[in-house]
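1. Sequence and predicted model, in that order:
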Amino acid sequence: MPKLTIDGIEVEVEDGLTVLQACEIAGQEIPRFCYHERLSIAGNCRMCLVEMERAPKPIASCAMPVGEGMVITTNSDTIVNARKGVMEFLLINHPLDCPICDQGGECDLQDQALSFGGDRSRYAETKRAVKDKDLGPLVSTVMTRCIHCTRCIRFATEIAGVPELGATGRGEHMEVGTYVEKTLSSELSANIIDLCPVGALTSKPYAFNARSWELKKTESIDVMDALGSNIRIDTRGTEVLRVIPRNNNDVNEEWISDKTRFACDGLRRQRLDRPFVRKNGKLEACSWTTAFKAIAKKINGIDGKKIAAIAGDQADCESMYALKSLLTKLGSSNVECRQDGSKVGKGSRSGYLFNSTIVGLEKTDAILIVGSNPRIESPVLNARIRKRFLQGGLKVALIGEQVDLTYNYRYLGDGPDTLLDVVSGSNKFFKVLKKAKYPMIILGSSALSRVDGEAVLGSARKIAEDTGMILEEWNGFNVLHTAASRVGGLDLGFVPEQNLVFNEINIFFLLGADEIDMKTLGDGFSIYIGHHGDAGAHRADVILPGAAYTEKNATYINLEGRAQRTQLATFPVGEAREDWTIIRALSTELGVTLPFDTLEDLRLEMVKNTPSLDKIDKVTPAEWGVFGNNGPMTTDCFINSIQNFFMTDPISRASLTMAACTKEKLKDKAIMTNYD
């Protein structure tokens with residue numbers, strides 16, 4: 001480990017670091033625009049200049065690797081003047097529109113200009129003007145502000161794996177944009193907004209809405225998929241204005257998907273803000289008392305076996321536990337958290353977890369993907385696979401629909417026949433998995449939702465066992481869920497003792513359940529507890545307005561078994577209430593009062609039954625066990641369940657921004673079809 005002296009302080013750092021990183025370790029903040037920890041080094045902004053002993057001129061610290069005996073000076077007069085010169089050049093063409101720029105208050109250029117900018121310009125020439133680019137409905141561009149840091153280009157190429165951004169021209173004539181004007185097609189495209197150090201790339205839906213200092217900032221968790229990305233929810237008054245990522249190296253690093261970021265405008269539309277009861281075939285607004293009495297009238301005296309509860313994809317653990325407790329008191333064990341009919345949940349807990357953990361993706365050297373499209377089902381997780389792929393030595397194979405995953409893979413086939421070839425060892429990729437040190441299989445939730453889902457699960461388990469995926473320090477068997485509530489529901493036992501026969505059920509509780517086929521409910525009386533007027537509310541006989549994920553303190557368990565909690569950013573709209581409080585109040589009306597009055601009491605009860613829910617931000621691993629079966633599989637091809645990434649839940653379906661993205665996607669698809 002080399003030792004070097006920085007501003008008179010001797011530090012010892014790891015080999016391979018840059019001088020800039022060493023200065024940060026020594027406590028010296030180095031200004032920068034082009035450098036970013038997760039991107040390749042460009043070294044083109046020259047803001048990070050430092051003095052190095054025996055060097056003829058200042059060096060770019062971001063591009064200089066550390067060496068033994070280096071003597072670095074970060075704040076000499078020479079360096080301060082050099083940085084002032086760099087800043088002066090950057091501001092030659094930069095427009096003076098800070099008062100109308102959405103980046104105001106969060107702008108790196110503003111911050112550095114405060115320290116190194118001058119109070120006047122020496123240039124009388126006309127400023128350069130650059131035509132704005134149309135990158136689609138998410139990213140707004142004012143390219144005259146661009147300082148050519150190339151962060152956006154490097155992100156699109158390296159992290160997202162969709163190299164649609166680039167630079168054309170040289171010097172003053174250089175422009176950043178798409179080579180042919182088109183909408184960005186990456187599901188992670190809007191992360192370039194966070195990366196841009198100036199106001200060249202900003203959020204189009206958020207444009208001119210608020211300044212950063214006006215916003216209340218709440219740290220929370222995303223529920224648009226099962227990854228559990230860490231986010232910050234920015235609100236003003238009762239309105240969620242934007243969602244941005246929080247750094248968590250174990251989960252999402254500092255990236256979020258476009259749906260996570262922009263679907264929040266759906267929280268303002270099609271909301272359920274008061275109870276409703278269906279009278280004469282029409283839903284009519286009513287009081288909570290009237291709604292509860294209508295439910296009690298239907299339930300009192302009915303056999304508990306005739307009552308069932310279905311939890312939606314965004315249901316939180318507290319609500320599911322409360323609802324399960326209510327049904328238990330009513331004499332029913334008919335609870336279901338698998339709206340898609342997934343065949344997981346029977347047998348060992350390891351049969352439905354992403355056992356390798358998200359960080360484990362950076363360790364694996366061979367991956368078999370079965371019946372999944374990670375790019376659509378979990379874009380941030382897919383970016384982690386790409387990160388590992390770029391490091392070299394990773395072999396990936398796919399069984400299922402042939403799609404663009406942003407990294408190279410070996411396509412084996414599209415159905416169970418190919419899976420059986422791998423199970424038998426006749427497929428060449430079996431040997432690849434066998435030879436790998438840390439092999440991995442990723443099983444898509446759509447492959448488990450088929451009628452032969454248990455057989456698919458059993459085949460995947462056999463591959464894991466036969467190829468040496470199950471070791472003391474490594475478990476390579478992974479299920480890629482798409483529902484934020486799935487692992488929490490399975491951990492809580494929110495599954496029926498026997499498969500539900502819907503035509504034998506008279507009363508249905510729908511806890512935000514909108515993805516099931518409502519026709520299967522038949523003539524049953526349905527009670528919908530949720531926050532949007534989606535499919536479940538249209539079918540409901542009684543609607544009890546609940547809270548969205550931004551409006552409650554709730555626990556979720558992500559696909560790897562990590563318990564995380566959302567924080568209340570704004571209160572539920574109108575007369576809506578948090579879901580568990582609705583269930584608790586209803587239990588009293590039904591004469592089976594639940595034994596908790598506060599959220600703390602509920603969590604104590606819940607943790608007694610499921611201890612892993614108390615280990616916040618920690619993965620609770622599962623012991624390997626038996627799950628799935630060895631039954632026959634159909635010859636049907638594996639079909640990915642998500643066809644439209646932008647509309648997968650009630651919130652995103654209510655979002656105007658997601659509707660605009662869907663429209664652009666369909667337009668691009670039509671153009672490509674015509675081109676073909």
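-> Done, it's in.

2. Every contact and neighbour count from this point should use C-alpha atoms.
-> Will do.

3. where does the protein have low pLDDT?
-> 669-676 (pLDDT under 70).

4. Spatially central residue in it, please.
-> Centre of the chain computed as the mean C-alpha position; nearest residue by C-alpha atoms, centre = their mean is residue 229, 4.5 Å away.

5. Run through the strands of the stretch 151-300 of the chain in chain order.
-> 165-168, 175-178, 201-203, 216-221, 230-236, 239-245, 276-279, 282-285 (DSSP state E, counting those that start in this stretch).

6. Of those, flag the one that's most buried.
-> strand 201-203 (a mean of 24; mean count of other C-alpha atoms under 10 Å).

7. in stretch 592-605, what counts as buried?
-> 592, 593, 594, 602, 603, 605 (16 or more other C-alpha atoms under 10 Å).

8. will you turn those residues into a markdown table that also has secondary structure?
-> Below are the buried residues of stretch 592-605 laid out as a markdown table (DSSP: H, G, I helix; E, B strand; the rest coil):
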| residue | secondary structure |
| --- | --- |
| 592 | coil |
| 593 | coil |
| 594 | coil |
| 602 | helix |
| 603 | helix |
| 605 | helix |
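
9. with these in mind, which one is nearest to residue 181?
-> Checking these against residue 181 by C-alpha to C-alpha gives residue 603 as the nearest, at 52.1 Å.

10. quick one: the strands in the stretch 551-676 of the chain?
-> 554-557, 563-566.

11. Output the ones you listed as TSV; include the columns distance to residue 439 and mean neighbour count.
-> Shown next, in TSV, are the strands of the stretch 551-676 of the chain (distance: least, C-alpha to C-alpha, whole Å; neighbours: other C-alpha atoms under 10 Å):
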stretch	distance to residue 439	mean neighbour count
strand 554-557	25	27
strand 563-566	26	23
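
12. Of the ones you listed, which is nearest residue 4?
-> Comparing those by C-alpha to C-alpha, strand 563-566 comes nearest, at 41.0 Å.

13. so what secondary structure elements neighbour that closest one?
-> For strand 563-566, the elements it packs on are strand 216-221, strand 554-557, judged by 3 or more C-alpha pairs under 8 Å, 6 or more residues apart in numbering; DSSP states H and E.

14. Each with direction, which strands does the first one pair with?
-> Which is strand 216-221. Paired neighbours of strand 216-221 in the sheet (DSSP bridges): strand 230-236 (antiparallel).

15. where's the strand it pairs with relative to the chain centroid, distance-wise?
-> Computed by C-alpha atoms, centre = their mean, to the nearest Å, the chain-centroid distance of strand 230-236 equals 14 Å.

16. again, but for stretch 543-554
-> With C-alpha atoms, centre = their mean as the basis, the mean position of stretch 543-554 lies at 19 Å from the chain mean.

17. do the same with stretch 52-72
-> That offset, for stretch 52-72, works out to 40 Å (C-alpha atoms, centre = their mean).

18. can you pull out the helices in the stretch 151-300 of the chain?
-> 151-154, 191-195, 258-262, 288-299 (DSSP state H, counting those that start in this stretch).

19. list the contacts for residue 582?
-> With contacts defined as C-alpha atoms under 8 Å, 6 or more residues apart in numbering, the neighbours of residue 582 are 544, 546.

20. Residue 411 in helix, strand or coil?
-> Residue 411 - assigned by three-state DSSP - is strand.

21. which residues does it bridge with?
-> The partner residues for residue 411, given DSSP bridges, come to residue 398.

22. what about it, distance to residue 371?
-> According to C-alpha to C-alpha, to the nearest Å, residue 411 and residue 371 sit 12 Å apart.

23. Identify the contacts common to those two.
-> 398, 399.

24. Tell me which of these two has more neighbours.
-> residue 371 (28 against 15; other C-alpha atoms under 10 Å).

25. Just to check, that one is in contact with residue 446?
-> Yes. Using C-alpha atoms under 8 Å, residue 371 is in contact with residue 446, at 6.5 Å.

26. Now the common contact residues for the two.
-> 638, 639, 640.

27. Go through those residues and name the one nearest residue 311.
-> Using C-alpha to C-alpha, the shared contacts of residue 371 and residue 446 come closest to residue 311 at residue 640, 21.9 Å.

28. thinking again about what came up before, would you mind saying which of the strands of the stretch 151-300 of the chain lies nearest residue 317?
-> strand 216-221 (13.6 Å).

29. what does the closest one rub up against?
-> With C-alpha under 8 Å, 6+ apart as the criterion, strand 216-221 contacts 228-236, 246, 550, 564-569.

30. at 10 Å instead, please
-> 227-237, 240-246, 260, 549-550, 553-556, 558, 564-570 (C-alpha atoms under 10 Å, 6 or more residues apart in numbering).

31. got it, and stretch 98-107?
-> 97, 109-111, 113, 142, 145, 193-194, 196-204, 206-213.

32. Counting neighbours, which of the residues you listed end up buried?
-> Applying 16+ other C-alpha under 10 Å to the contacts of stretch 98-107 flags 109-110, 113, 142, 145, 193-194, 196-204, 206 as buried.

33. returning to that earlier point: with distance to residue 523 as added columns, please give the strands of the stretch 151-300 of the chain in TSV.
-> Shown next, in TSV, are these (distance: least, C-alpha to C-alpha, whole Å):
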stretch	distance to residue 523
strand 165-168	54
strand 175-178	54
strand 201-203	46
strand 216-221	37
strand 230-236	40
strand 239-245	38
strand 276-279	14
strand 282-285	15
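
34. What's the local residue count around the closest residue to residue 204 other than its chain neighbours?
-> Distance criterion C-alpha to C-alpha, 6 or more residues apart in numbering; nearest residue to residue 204, sequence neighbours excluded, is residue 140 at 4.7 Å. Neighbours of residue 140 under the rule other C-alpha under 10 Å: 22.

35. Adjacent strands (with direction) for the one helix or strand residue 140 maps to?
-> Assigned by DSSP states H and E, residue 140 belongs to strand 139-141. According to DSSP bridges, strand 139-141 has the following sheet partners: strand 201-203 (antiparallel).

36. ok, and what's touching the strand it pairs with?
-> With C-alpha under 10 Å, 6+ apart as the criterion, strand 201-203 contacts 101-103, 135, 137-143, 145-146, 152, 190-196, 242, 261-262.

37. 7 Å - rerun?
-> For strand 201-203, contacts defined as C-alpha atoms under 7 Å, 6 or more residues apart in numbering pick out 102, 138, 139, 140, 141, 142, 193.
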